[in-house]
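Trainee: for reference, the sequence and a predicted model appear below.
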Amino acid sequence: MEPTDEGMRAARGASAVRAEKVLVIGLGVSGRAAADKLLREGHEVRINDLSDSEEIREAARPFSERGAEVVLGHHREEVLRGVELVVVSPGVRSRLPLLREAEARGIPVWSEIELAWRYARGPVVAVTGTNGKTTTVSMIEAILKRAGMRARAVGNIGYPMVSAVEDMGPGDPLVVEVSSFQLFSVQEFRPRVAVLLNVSHDHYDWHSDLGEYVEAKGRIWMNQGPGDQAVVNLDDPLCVEASRAAPAGKCFFSRREAEEACVWREGETIRFRDPESGRTVEVMGVGELALPGEHNLENALAATAASLLMGATPEAVRDALRGYRGLPHRLQWVGERDGVSFYDDSKATNPHASLRALSAFPGPMVLILGGRNKGLPFRELAAEIAGRNERGGVRMVYLIGEAAEEIEAALREEAPAVPRRVLPGLEEVFEDLPRRVRAGDVVVFSPACASFDRYRDYRERGDHFQRLVNEYTGRGIGG
């Protein structure tokens with residue numbers, strides 16, 4: 001008989017981490033959570049971060065006071081002395097020489113989710129993909145809770161998995177958003193349901209090429225076995241290709257009627273076919289989904305598949321998704337003035353995410369793009385903007401930030417007829433807007449770039465956009 005999730009964890013018990021001395025690299029949210037857990041479990045901990053800023057020193061001080069050794073300002077090989085395990089934060093590149101040296105010495109390198117997996121006491125649903133991870137994870141959490149389970153969304157959604165494992169009881173499911181960075185350093189991580197939403201060009205500032213990126217995403221199911229399921233986007237050829245290596249059962253989802261799918265759209269209905277019994281049930285109407293856009297339909301299909309495979313009922317899926325209103329900075333409606341609506345999609349940090357935002361609005365649209373490019377091309381996005389401009393979907397594009405000239409060059413080549421303005425930042429955009437917008441427009445801030453040219457993260461960038469909208473619409477700061 002296949003061991004239960006709880007049985008597998010009990011077998012590991014207190015020996016989940018056998019290393020006495022552990023090096024934690026990176027003092028971000030995940031790194032701090034990992035260091036905290038390891039210290040409470042009685043391990044000898046050394047913390048290393050390339051930065052030696054006042055902020056990092058403040059973050060390190062409580063750990064130093066608890067007995068951790070803190071080494072800041074470099075990643076020299078000396079920090080590996082006496083170490084039996086390395087736990088690495090997701091922002092640390094896999095090609096870092098220090099990690100390569102650790103591997104050469106035979107020292108295991110784990111991500112924070114691998115560490116957390118050793119202590120988890122219930123089943124895990126893991127979700128990865130280029131776009132839509134956070135929305136899908138929060139949808140699954142909402143559905144499982146509606147189904148009566150004590151589920152918790154964790155990981156890159158803002159609450160580290162290693163912090164959550166102590167809050168959850170035996171059998172409570174964790175729904176984990178995982179990045180390619182984290183999957184690069186897993187060894188035994190085994191989710192009961194592993195979801196791959198989509199794969200497109202992203203993070204070439206971290207991965208060497210698309211092949212390495214796809215390979216990292218595919219590690220989400222590499223340890224699965226009997227009783228586990230891989231949930232895969234049938235409409236994405238890269239996902240389908242990656243899933244050929246999945247060792248467990250596969251449940252495909254699709255926005256079209258397809259014989260291979262176990263969750264699909266048929267007309268205006270979402271249907272599910274049980275992979276074991278073959279029985280087909282109607283889940284809900286597409287029009288009942290609260291969030292707009294084909295990309296959110298795709299997220300909902302994936303969440304439906306994962307939740308039903310975890311034991312939720314179609315009624316729980318329908319009730320949860322009817323009321324699901326989305327998350328901040330993901331096509332979030334912010335305000336309206338004189339018939340012009342404003343949407344914050346600051347979480348769109350790559351061109352593929354902005355392409356998905358375009359699909360949510362037939363037009364007319366005023367689009368704001370720009371920030372710091374992550375080494376990605378803009379030609380496909382520019383070509384789509386050109387097509388939508390011809391159909392009345394995109395009337396104007398504002399370009400801001402470091403990547404403004406690069407995006408403008410792509411538009412000049414692919415969309416020469418599209419009106420556009422290059423401006424320094426969002427403040428100048430809002431100064432110019434009254435002369436450009438008209439009733440019926442939607443103004444969509446979907447940058448297609450990272451935020452780090454000016455902001456700490458996409459949240460700070462989105463908050464700034466929302467403050468400017470509130471001022472523009474007369475609602476006041478935070479209105």
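Mentor: That came through fine. Nothing here was measured: the structure is a model prediction, and the numbers come from that model. Numbers count the residues shown, from 1 in each chain.

Trainee: how about stretch 32-51: buried residues?
Mentor: Of the residues in stretch 32-51, those with enough neighbours to count as buried (16 or more other C-beta atoms under 10 Å) are 32-39, 43-49. All C-beta atoms are positioned from the backbone trio N, CA, C, and that covers glycine.

Trainee: hang on, I meant stretch 450-468
Mentor: So stretch 450-468, judged by 16+ other C-beta under 10 Å, has buried residues 450-455, 458, 461-468.

Trainee: which among the residues you listed gets closest to C251?
Mentor: Nearest to C251 out of these is Y458 (C-beta to C-beta; 30.7 Å).

Trainee: wait, isn't that closest one in contact with S451?
Mentor: Yes: counting by C-beta atoms under 8 Å, Y458 sits close enough to S451 to count as a contact (4.9 Å).

Trainee: now for the two: what residues contact both?
Mentor: Between them, Y458 and S451 share the neighbouring residues 346, 349, with contact defined by C-beta atoms under 8 Å, 6 or more residues apart in numbering.

Trainee: rewinding a little: what is the nearest of the buried residues of stretch 450-468 to H74?
Mentor: Among the buried residues of stretch 450-468, F452 lies closest to H74 (C-beta to C-beta), at 21.9 Å.

Trainee: now that closest one, nearest residue through space, not along the chain?
Mentor: Spatial nearest neighbour of F452, chain neighbours left out: R372 (5.0 Å); criterion: C-beta to C-beta, 6 or more residues apart in numbering.

Trainee: what pairs with the one you found across the strands?
Mentor: Applying DSSP bridges to R372 gives these bridge partners: A450.

Trainee: what is the burial count for it?
Mentor: 17 (other C-beta atoms under 10 Å).

Trainee: for R459, see how far away it is.
Mentor: Using C-beta to C-beta, to the nearest Å, R372 is found at 15 Å from R459.

Trainee: check L331 too.
Mentor: The spacing between L331 and R459, counted by C-beta to C-beta, is 15 Å.

Trainee: surely the residue nearest to F452 is in contact with Y455?
Mentor: No: with contact taken as C-beta under 8 Å, R372 and Y455 are classed as non-touching, separated by 9.5 Å.

Trainee: my guess is E408 contacts G401, does it?
Mentor: No: taking contacts as C-beta under 8 Å, E408 lies outside contact range of G401: 11.5 Å.

Trainee: higher neighbour count, the two?
Mentor: G401 (28 against 19).

Trainee: didn't that one look like it was pressed against Y455?
Mentor: No: the pair G401 and Y455 fails to qualify as a contact (C-beta under 8 Å) at a distance of 9.5 Å.

Trainee: quick one on the thing from earlier: narrow the buried residues of stretch 32-51 to those in helices?
Mentor: Residues of the buried residues of stretch 32-51 located in helices (DSSP state H): 32-39.

Trainee: and of those, the nearest to R318?
Mentor: The closest of these, once distances to R318 are taken by C-beta to C-beta, is A33, at 34.9 Å.

Trainee: I'd say the closest one and V162 touch.
Mentor: Yes: using C-beta under 8 Å, A33 makes contact with V162 at a distance of 4.9 Å.

Trainee: next, show the common contact partners of the two.
Mentor: With contacts taken as C-beta under 8 Å, 6+ apart, the residues that reach both A33 and V162 are E112.

Trainee: quick one: mean pLDDT for stretch 21-31?
Mentor: Across stretch 21-31, the average pLDDT comes to 95.

Trainee: identify each buried residue in that stretch, please.
Mentor: 22-31.

Trainee: among those residues, which are in helices?
Mentor: Using DSSP H, the members of the buried residues of stretch 21-31 that fall within helices are 29-31.

Trainee: now the helix or strand containing D463: mean pLDDT?
Mentor: Element membership of D463 [criterion: DSSP states H and E] is helix 458-473. For helix 458-473, mean pLDDT is 96.

Trainee: which of the three states applies to V154?
Mentor: strand (DSSP: H, G, I helix; E, B strand; the rest coil).

Trainee: ok, it - contacts?
Mentor: V154 makes contact with 160-161, 163-164, 174-177, according to C-beta under 8 Å, 6+ apart.

Trainee: could those be laid out in TSV, adding neighbour count and secondary structure?
Mentor: Putting those into TSV (neighbours: other C-beta atoms under 10 Å; DSSP: H, G, I helix; E, B strand; the rest coil) gives the following:
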residue	neighbour count	secondary structure
P160	27	coil
M161	32	helix
S163	18	helix
A164	21	helix
L174	26	strand
V175	34	strand
V176	32	strand
E177	26	strand
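
Trainee: closest one to L321 out of those, please.
Mentor: Closest to L321 out of these is V175 (14.8 Å), distances taken as C-beta to C-beta.
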